[in-house]
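# dropping the sequence and predicted coords here.
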Amino acid sequence: MSIMEYNGGSVVAMVGKNCVAIACDLRLGQQAMSVACNFDKVFSITPHTYVGLPGLASDTETLRQTFRHRINMYKMKEERTIQPETFAKLVSSTLYERRFGPYFVEPVIAGINTETNEPFIAATDLIGCINFAKDFVVSGTASDKLFGMAEGLWEPDLEPEDLFETVSQTLLGALERDALSGLGAIVRVITPDKVIERTLRSRKD
């Protein structure tokens, strides 16, 4: 088993009309054994920017603390809030610093640019190569299933409620087909003026 699959977990992000959604499952596993069903892999960077960190759970926690420190330093130095495009480059450089002994995490970034109200999503591999997208990005053990579901369900210019429904069905459909992800899910839809957060139930067997 790959070290990337040791703890399991998956994340998906989608673009809508002036909104963006990011969702993850809640399983923490030790290979095939489930350890917890409340392990949120998506973290708030700013009120309008979120990052999902699926992969090895210890590296997920290490990176979460690293990003929190670097975001605070950025805010003190620049005297402004970091935009999602800038944060994606910060994620890339943080991972590339450790390319010879990498963090086993493949981040997904989603957010709204507060200056232009444009939605933004991106994903990177474990050494920081950025994949920019205009529709959706996926990461984690259910990646191939998420790609299939998202290709079939995503449409351009979805309103926030429609985007929530689409990303929810995409994630739940993929979790049904992946033994290393599941045990519930959490979805966040980010708009210029608010963040809608909802928890979903899924199979727990």
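Okay, I see it.
# where does the protein have low pLDDT?
Flagging of the chain using pLDDT under 70 yields the residue ranges 1, 205.
# so which bits of the lengthiest helix in it are buried?
If you go by DSSP state H, the chain has its longest helix at helix 57-78. Neighbour counts over helix 57-78 (16 or more other CB atoms under 10 Å) mark 57, 59-60, 63-64, 66-67, 70-71, 74 as buried. Heads up, the C-betas are built off the backbone N, CA and C, glycines and all.
# for stretch 196-205, C-alpha coordinates in PDB please.
C-alpha atoms of stretch 196-205 as PDB (Å, rounded to 0.1, in the frame of the first residue of the first chain):
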ATOM      1  CA  ILE A 196     -22.300  27.800   3.700                       C
ATOM      2  CA  GLU A 197     -21.100  24.700   5.600                       C
ATOM      3  CA  ARG A 198     -23.100  21.500   5.800                       C
ATOM      4  CA  THR A 199     -22.300  18.000   7.000                       C
ATOM      5  CA  LEU A 200     -23.500  15.000   5.000                       C
ATOM      6  CA  ARG A 201     -24.200  11.400   6.100                       C
ATOM      7  CA  SER A 202     -22.900   8.500   4.100                       C
ATOM      8  CA  ARG A 203     -22.500   4.700   4.500                       C
ATOM      9  CA  LYS A 204     -20.500   3.700   7.600                       C
ATOM     10  CA  ASP A 205     -19.900   0.000   6.800                       C
END
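# residues in contact with the spatially most central residue of the chain?
Centroid-nearest residue in the chain: Gly52, 2.8 Å away (criterion: CA atoms, centre = their mean). Contacts for Gly52 (CB atoms under 8 Å, 6 or more residues apart in numbering) come out as 11, 13, 22, 24, 41-43, 107-110, 139.
# apart from its chain neighbours, what residue comes closest to it?
Val11 (3.4 Å; CB to CB, 6 or more residues apart in numbering).
# any idea how far the one you found lies from Leu172?
14 Å (CB to CB, to the nearest Å).
# which residues of this structure fall in strands?
Ranges of strands in the chain, per DSSP state E, are 10-15, 20-25, 28-30, 33-36, 42-46, 49-52, 108-112, 119-124, 130-133, 136-140, 185-190, 195-200.
# those strands: which one's closest to Met4?
Closest to Met4 of those is strand 136-140 (CB to CB; 8.4 Å).
# so in that sheet, which strands flank the closest one, and in what orientation?
Partners of strand 136-140 in the sheet, by DSSP bridges, are strand 10-15 (antiparallel).
# please compute how far the strand it pairs with lies from its chain's middle.
Taking CA atoms, centre = their mean, to the nearest Å, one finds strand 10-15 lying 6 Å from the centre of the chain it belongs to.
# what angle do it and strand 42-46 make?
Calculated by axes from the mean of the first three to the mean of the last three CA atoms, to 10 degrees, strand 10-15 forms an angle of 40 degrees with strand 42-46.
# many thanks, we can stop here.
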